[in-house]
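**Student:** got a sequence here, can you build the structure:
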Amino acid sequence: MKDKLEEYNTREALVQFRHKAIERQKISNYSGEYDRVRGMLQQSMLPSETVKRLKDREDELKKLGARAFGIN
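**Tutor:** Below you'll find the model as predicted:
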């Protein structure tokens, strides 16, 4: 019985570790894309349609980032 409980606890710890690693990766991906979008918005020679799409994506990434950090 003790071995079964230990096996269950180990499996549960691995699942939680993997979940946290995936969440950290998602946050890192969103942050990287957000930084790239903001950098592109600093360029003055972009067509207005491109600027609009980049601003829309920036807003979307802000919302996703807020959800990732539990800020809602």
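**Student:** what is the lengthiest helix in the chain packed up against?
**Tutor:** Using DSSP state H to define each element, the chain has its longest helix at helix 2-41. Contacts defined by 3 or more CB pairs under 8 Å, 6 or more residues apart in numbering; DSSP states H and E place helix 2-41 against helix 48-68. The way it works is simple: take the backbone N, C-alpha and C, and place the C-beta from them, glycine included.
**Student:** just checking, what packs against the helix it packs on?
**Tutor:** Counting by 3+ CB pairs under 8 Å, 6+ apart, the packing neighbours recorded for helix 48-68 are helix 2-41.
**Student:** low-confidence ranges in the protein?
**Tutor:** 66-72 (pLDDT under 70).
**Student:** quick check, central residue of this structure?
**Tutor:** Ile27 (2.6 Å; CA atoms, centre = their mean).
**Student:** residues of the longest helix of the chain that come out buried?
**Tutor:** Tyr30, Glu33, Tyr34, Val37 (16 or more other CB atoms under 10 Å).
**Student:** report the angle between that helix and helix 48-68.
**Tutor:** 150 degrees (axes from the mean of the first three to the mean of the last three CA atoms, to 10 degrees).
**Student:** centre of the chain to helix 2-41, how far?
**Tutor:** Between the mean C-alpha location of helix 2-41 and the chain-wide mean there is a distance of 10 Å, by CA atoms, centre = their mean, to the nearest Å.
**Student:** again with stretch 41-58
**Tutor:** Averaged over its C-alpha atoms, stretch 41-58 has a centre that lies 22 Å from its chain's centre (CA atoms, centre = their mean).
**Student:** export it as PDB, just CAs?
**Tutor:** The C-alpha atoms that make up stretch 41-58 are tabulated as PDB, following Å, rounded to 0.1, in the frame of the first residue of the first chain:
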ATOM      1  CA  LEU A  41       5.300  49.400 -34.000                       C
ATOM      2  CA  GLN A  42       8.300  51.700 -33.400                       C
ATOM      3  CA  GLN A  43       9.100  51.700 -37.100                       C
ATOM      4  CA  SER A  44       7.800  54.800 -38.800                       C
ATOM      5  CA  MET A  45       7.700  53.400 -42.400                       C
ATOM      6  CA  LEU A  46       4.900  50.800 -41.800                       C
ATOM      7  CA  PRO A  47       1.700  51.000 -43.900                       C
ATOM      8  CA  SER A  48      -1.300  52.000 -41.800                       C
ATOM      9  CA  GLU A  49      -3.100  48.600 -42.300                       C
ATOM     10  CA  THR A  50       0.000  46.900 -40.900                       C
ATOM     11  CA  VAL A  51       0.100  49.200 -37.900                       C
ATOM     12  CA  LYS A  52      -3.600  48.500 -37.200                       C
ATOM     13  CA  ARG A  53      -3.100  44.800 -37.300                       C
ATOM     14  CA  LEU A  54       0.000  45.100 -35.000                       C
ATOM     15  CA  LYS A  55      -2.000  47.200 -32.500                       C
ATOM     16  CA  ASP A  56      -4.800  44.600 -32.600                       C
ATOM     17  CA  ARG A  57      -2.300  41.800 -31.900                       C
ATOM     18  CA  GLU A  58      -0.700  43.800 -29.200                       C
END
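**Student:** that concludes my questions; thank you for your assistance.
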